[in-house]
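Q: A predicted structure for the sequence below; I have some questions about it.
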Amino acid sequence: MRKKHVHMYLMLIPVVILFTGLVFYPFIEGIRISLTNWNGYSRTYSYVGMTNYISLLNSRLFKVALRNTFIYGFGCTFIQQVVGLAYALFVNLRFRGRNLVRLIIYLPSMIAGIIMGYMMYGLFEYNRGALNDIVRWLGGQRVLWLEDGNRAVFIIVLINAFQFVGVSMLIYLAGLQNIPAQIMEAARLDGCGSWQLFAHVVLPLLIPAITSSTIINLIGGLRLFDLIQALTSGGPGIATHSIATSINYLHFWSENAGGAAAAGVVLFVIIFIVSATTNTLFRRKEVEF
Amino acid sequence: MRWGKRLLVFLTSLLIIALHMIPIYITVVASFKDIRDFSSKWVLPQKLVLDNFRMAIHDGGFYTALVNTGLITALSILIVVIVGSMTGYVLARLDNAVTRVVLLATLGVMMVPSISLVVPLYRTLLLINGINTYWAVILLCATYQLPLGIFIYTNFIRTVPVALDEAAEIDGCSQFGTYLRVILPQLGPVTASVMILSGVKIYNEYVFALYFLQSADRRMITTYVSSFFHEVSYINQASAAALLGALPIIVVYLVLQKWFIAGAMDSAVK
C-alpha cells in the first residue's frame, strides 16, 4: 500500500461499513441462526446442527418452493428474452409513435410488484375478475385462474414477465443501436437476407446484451416475492410458494426463524450458482467487431 | 415503408399498447365505480365516483405513507450517489488486491436477495436499535441499491481521462480534492441514471417496509396499499389505493421519460 493512495482507501470506508454491517455480518449471522432453533422472538435458543437444513430439504413446502423458484426464474427469463428481443426489433423500426410504444411497454416496470399483483388480481379473480367476464361473454364457464395451483404458477410467470419485459426490451434496444451500421451494410452487400442477417450478424453481436438481460431477469425471477404475496400468498395451499415467500411463511406463520434463515442461505446459494454459471456460459460466446 | 407494412406496424403498436395498459385500465375503472356497482371491470363507470379515493386517502393515511416514502427515497438516493461515486472513483482508478476485493464484494451484494436475510437483519437492527426507524430503512435501501450505482459510476469514470487527475494533482489537489473538484462535476448525466434506477427501486421497496417499518404511522406506499387488500375493504377502495400508490412514480416517469429510458439503457451496456 503506497502512502500516496491513503485518500483513496479512506474513500472506501463508507462502502465497507455499509456492506459489512448490513450485508456480510447479517449473512454470517444468518448462517449461525440457521443452525439454531430460534423462533424469531424469544431470548433463548439452542444449537441444533444441520437439523433445519435436513427438515427443510425433506419438507413438502420446500420441494414445491424449490420447483416453483426455478419455474419463476427460468420461465420469466425465457419469455422476457424472446418477447423483449421481439419488442426491441419492433421499436427499432422507424415509424411515428415508436417512442410511445416504448414508453408504454416499459411503464409497468415502474409499478411496485405488490401493486401490480393487486391490479392483476382484478383481472384473474374468480367472481368478478375481468378475464372471467370475457370468458362468460364468449359463452364459457368461469375459470379458476388463481385457485388452481399449476395454472396459478403459470399466471405468475406470465405477469412477472409482462411487468419487466420492458427492461429486457431496453437492454436489447441499446445493444441493437450499438451495432455499427457499416457491418449491417456490408452483410447486406454480401447478399444476406433479413433472416440470415438476424441469425448470423445481429444475434452474435447481441450476446453481451443477452448476457446482462438474462442475468438480471434470472436474479429477479429467482427471488420473486412481492407479486406472489399479492396474488396468492403462496396458495392455494402451498402450491405457488417460491423460496422467497416460504422464508416469510416460515418466519411469520410457523415461528421457525431458524428454518427461515436456512431457506435464506439456500436461496442465496441457488442465485449465486445460477448467475455465475450463466455468466461463464455466455461470456465464452461473445464476439468482437 | 409500403402502405401494407405501415398498417401492420400501426395495428401491432395498438395491440401492444392495449395489452400493456390492461392492468391500469381495469384498476382505474374499478376505482371510479360505486361499491354497489357490480358491472364488469371492462365497462366504464356510469358516473365518476370519488368516494373510493376519499376513503383511500383519509382512512388509510395516504399522505403519511407518501411523505415517508418520499423521505426514505430521497435520503437513500443521496447516500447511493455520494458513496457510489466515491467508491466508483477508487475502483476506476486503482487496480490492486484491495479494490478487487471491493469489486467482488459489490458483485456479491448485488446477488443477495434482501428477503433471504430478513431474519438475521432483524437481529442486527435490534442490536443497533434500528427496528421501526426511518434511518435504518434508509441505510438498508441505500446499501442494497449501492452495487448498481457503484457499477454505473465505475464504468463511467473509467472513460474520464486520467490526465485530468494528474493535472489536478500537479496543481496541488489531494486525491479526495480531485474526486470532489474534478470528477464529481462531470458525473451529471450518469448521476441522473443512478438516481432514477435506484429511486424507482426504493420507492417500490416492499420487504424492508414490511419487516422493519411495521407501525401504522411509518408505512411506506407499498405497505399502505397492501393494508387495503389485507384488511377487509371493498375492491373499489383497494383499487383506488393501488392507483394512488402507483400514480406518483408514473407521473414522474412520464415527465422525465427521456431520462428514464436513457437510464435503463445505461444500466445494461457494460
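A: Structure's in. What do you need?
Q: from the chain's centre, how far out does stretch B:145-165 sit?
A: Here the centre of stretch B:145-165 is set off from its chain's centre by 21 Å, with Cα atoms, centre = their mean, to the nearest Å.
Q: nope, stretch A:218-228 is what I meant
A: Here the centre of stretch A:218-228 is set off from its chain's centre by 4 Å, with Cα atoms, centre = their mean.
Q: hmm, that stretch in reach of chain B?
A: Yes. On the criterion Cβ under 8 Å from any Cβ of the partner chain, stretch A:218-228 is in touch with chain B at A:I219, A:L222, A:R223, A:F225, A:D226. C-betas here are computed from N, CA, C, even on glycine.
Q: need these in CSV with pLDDT, can you?
A: Putting the residues of stretch A:218-228 next to chain B into CSV (pLDDT from 0 to 100) gives the following:
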residue, pLDDT
A:I219, 92
A:L222, 96
A:R223, 94
A:F225, 96
A:D226, 95
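Q: Just put those residues in TSV and tack on secondary structure and neighbour count.
A: TSV is the format used below for these (DSSP: H, G, I helix; E, B strand; the rest coil; neighbours: other Cβ atoms under 10 Å in any protein chain shown):
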residue	secondary structure	neighbour count
A:I219	helix	20
A:L222	helix	24
A:R223	coil	25
A:F225	coil	23
A:D226	helix	25
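Q: list the contacts for residue 224?
A: Assuming you mean chain A. A:T69, A:Y72, A:G73, A:C76, A:G113, A:I156, A:N160, A:S242, A:A244 (Cβ atoms under 8 Å, 6 or more residues apart in numbering or on different chains).
Q: I was after chain B.
A: B:G60, B:G61, B:F62, B:T64, B:A65, B:A241, B:G245.
Q: mind redoing it with 7 Å?
A: Neighbour list for B:Y224: B:G60, B:G61, B:F62, B:A65, B:A241, B:G245 [criterion: Cβ atoms under 7 Å, 6 or more residues apart in numbering or on different chains].
Q: what two of those are the furthest from one another?
A: Using Cβ to Cβ, the two most remote members of these are B:G61 and B:G245, lying 11.9 Å apart.
Q: between these two, which one's more packed in?
A: B:G245 (30 against 17; other Cβ atoms under 10 Å in any protein chain shown).
Q: shouldn't the more buried one be in contact with B:V225?
A: Yes. Between B:G245 and B:V225 there is a contact under Cβ atoms under 7 Å: 4.3 Å.
Q: Mutual contacts of the two, please.
A: Shared contacts of B:G245 and B:V225, counting by Cβ under 7 Å, 6+ apart, come down to A:I115.
Q: now B:Q145, nearest residue through space, not along the chain?
A: Leaving aside its sequence neighbours, B:Q145 sits nearest to B:S198 (Cβ to Cβ, 6 or more residues apart in numbering or on different chains; 3.9 Å).
Q: Would you mark the buried spots in the host helix or strand of that neighbour?
A: Applying DSSP states H and E as the criterion places B:S198 in helix B:188-203. Within helix B:188-203, the residues that qualify as buried are B:190-203, counting by 16 or more other Cβ atoms under 10 Å in any protein chain shown.
Q: export it as CSV, just CAs?
A: The C-alpha trace of helix B:188-203 is given here as CSV (Å, rounded to 0.1, in the frame of the first residue of the first chain):
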residue,chain,number,x,y,z
GLY,B,188,-24.2,14.9,-14.0
PRO,B,189,-25.8,12.7,-16.7
VAL,B,190,-24.7,9.4,-15.2
THR,B,191,-25.9,10.6,-11.7
ALA,B,192,-29.4,11.1,-13.3
SER,B,193,-29.4,7.5,-14.3
VAL,B,194,-28.3,6.3,-10.9
MET,B,195,-30.9,8.4,-9.2
ILE,B,196,-33.7,7.2,-11.4
LEU,B,197,-32.8,3.5,-11.3
SER,B,198,-32.3,3.3,-7.6
GLY,B,199,-35.1,5.8,-6.9
VAL,B,200,-37.7,3.6,-8.6
LYS,B,201,-36.5,0.5,-6.7
ILE,B,202,-36.6,2.3,-3.3
TYR,B,203,-40.0,3.9,-3.9
